[in-house]
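Q: Could you look at this predicted model? Sequence included:
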Amino acid sequence: MTKDHQVFVTDAQMRSSLAVIRSLGKKGLTVTGADETRFATGLFSKYCTKHVVYPSPKKNEHDFTEYIIDFFKNNQYDVIFPVADFCLRPIIDSEQILSQYVKIALPPKEVFLTGYDKGKTFEIASRIGIPIPETHCIDSIDDLFNLEDAGRFKYPILLKPRISSGRKGVKICENFEETIEAFKHLTQLHGLMLVQEFIPNGGEFGIYVLMNDDSEPRAYTAQRRLRSYPYYGGPSTLRETFQDKCSERAKEIAFSLLKAMKWRGVAMVEFRIDPRDNIPKLMEVNPRFWGSLQLSILSGVDFPWLYYTMLMEGDVKPVMKYTSKVQCRWMLPGDMLWYATTPGKLKNLKEFLRLNNNYDILSWEDPGPTIGFFSATMRYLFDKDMWNLVLRR
């Protein structure tokens, strides 16, 4: 692959963006890393050839959109890889214009929204008979009272934003009064909500998939959480690939769901095993590259490169084998926060101090992002919104 092939990766602060930058840079592509600040982890990678600082999509979506459209009008790139939420929506909203100048590593808008909006996801899953928690889309407090009066709630229940990522805005409620209070607060922050049956945690894992334009699977891996932050349920800080009867069953469920959604591109389908019947229940579909992307690559499935090749050539040969029991750790700051907040610190100290061979950010071969992480930390030291994001508040 020659240096003439250029790709653009947004949200360079994200672990998943760093994995994309490293993957495509190693293949010889010219990688432009972009973020709203120059002090972003991925921009310090030796595989990040060019750096772009764009207007903050969170603070001014209009300026961000205008900047991105103007940038690709005036610069020749093969593919743009949008990664995080604040970039995803304005880019997908501008797909008709942007697609004239660059290929977008996202499904078409109408398809993307079936994964971006959890209400739509669960509607499709329910229609095709996929095991899910009992789920209700809630438009108002009156809906809550009607469900409570009908005896539909068996506490605890879960309040969840229809549009969010990383389990932001998820609240476990033990009674109706707590549900009402949480609903009022969360709707102000996140908009439309779902109410779901709470599934006890018998194990959490994800099926990670690349689908082609005909919604046929072209690659997959299965990963299970070993540690998370917050420890009671959040992004994984230590995880491993696995293969067993449960992952095989969930793989077929994931393929069926994404087929019904007419999905194209990458997605993570998340499950929780219900210990009451040992059935994996659908939790959500993540319609973007996932935080633990580096683990998939380490296990032998290079999703960014496969996706790039598929966008450029139309399709790729299926990659349906990967290495099991490969582990990868999100040390900075994920596993540090896991240890700081989990009960039983003395019991967990030995596991926390155990050295791992694979990390999301730390790398002897590409040490720059570690320096970048600490530079970003200093920049964000007094940024309340960023700390609320990191601490999952």
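A: Okay, I see it.

Q: From the centroid of the protein, which residue is nearest?
A: With distances taken as Cα atoms, centre = their mean, the chain has Trp290 as the residue nearest its mean C-alpha position (3.5 Å).

Q: That one: what's it in contact with?
A: Ser16, Gly206, Tyr208, Met268, Ser296 (Cβ atoms under 8 Å, 6 or more residues apart in numbering). (C-beta placed from N, C-alpha, C; glycine too.)

Q: The second one: neighbouring residues, count only.
A: This means Gly206. By other Cβ atoms under 10 Å, 27 other residues sit near Gly206.

Q: Format the CA atom coordinates belonging to the helix or strand that it is a member of as PDB.
A: Using DSSP states H and E, Gly206 falls within strand 204-211. C-alpha atoms of strand 204-211 as PDB (Å, rounded to 0.1, in the frame of the first residue of the first chain):
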ATOM      1  CA  GLU A 204     -21.200 -10.000  30.000                       C
ATOM      2  CA  PHE A 205     -19.700 -10.300  26.600                       C
ATOM      3  CA  GLY A 206     -19.900  -8.900  23.100                       C
ATOM      4  CA  ILE A 207     -19.900 -10.100  19.500                       C
ATOM      5  CA  TYR A 208     -17.900  -7.800  17.300                       C
ATOM      6  CA  VAL A 209     -18.800  -7.900  13.600                       C
ATOM      7  CA  LEU A 210     -18.100  -6.500  10.200                       C
ATOM      8  CA  MET A 211     -21.000  -6.800   7.700                       C
END
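
Q: how far does that strand sit from the chain's center?
A: The chain centroid and the centroid of strand 204-211 are separated by 11 Å under Cα atoms, centre = their mean, to the nearest Å.

Q: coming back round to it: pLDDT and distance to Leu98 added to the contacts of Trp290, as CSV?
A: Compiled in CSV, these are given as follows (pLDDT from 0 to 100; distance: Cβ to Cβ, whole Å):
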residue, pLDDT, distance to Leu98
Ser16, 97, 20
Gly206, 97, 29
Tyr208, 98, 26
Met268, 97, 24
Ser296, 98, 27
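
Q: And those, which two are furthest apart?
A: By the measure Cβ to Cβ, Ser16 and Gly206 form the most distant pair in those, at 13.1 Å.

Q: Going by the annotation, which residue ranges form each domain of the protein?
A: 6-109, 134-197, 204-362 (automatic domain parsing).

Q: now those domains as JSON lines including distance to Ile124?
A: Putting the domains of the chain into JSON lines (distance: least, Cβ to Cβ, whole Å) gives the following:
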{"stretch": "domain 6-109", "distance to Ile124": "14"}
{"stretch": "domain 134-197", "distance to Ile124": "12"}
{"stretch": "domain 204-362", "distance to Ile124": "5"}
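
Q: thinking again about what came up before, partners of the strand holding Gly206, with directions?
A: Take DSSP bridges as the rule and strand 204-211 pairs in its sheet with strand 217-228 (antiparallel), strand 265-274 (antiparallel).

Q: In TSV, list those along with distance to Glu95.
A: Listed next are these as TSV, based on distance: least, Cβ to Cβ, whole Å:
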stretch	distance to Glu95
strand 217-228	22
strand 265-274	13
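
Q: right, and these - which one's nearest Asp315?
A: Closest among the strands paired with strand 204-211, using Cβ to Cβ: strand 217-228, at 7.3 Å.

Q: Next, the buried residues of the closest one.
A: Neighbour-count burial for strand 217-228 flags Pro217, Arg218, Ala219, Tyr220, Thr221, Ala222, Gln223, Arg224, Arg225, Arg227, Ser228 (criterion: 16 or more other Cβ atoms under 10 Å).

Q: ditto for stretch 91-107
A: Ile91, Ile92, Ser94, Leu98, Tyr101, Val102, Lys103, Ile104, Ala105, Leu106, Pro107.

Q: Quote the end-to-end distance of it.
A: For stretch 91-107, the first and last residues are 11 Å from each other (Cα to Cα, to the nearest Å).

Q: Report the rounded mean pLDDT for it.
A: The average pLDDT for stretch 91-107 rounds to 98.

Q: Compute the distance from the centre of it to the centre of its chain.
A: 20 Å.

Q: do stretch 334-351 as well
A: Relative to its chain's centre, stretch 334-351 lies at 24 Å (Cα atoms, centre = their mean).
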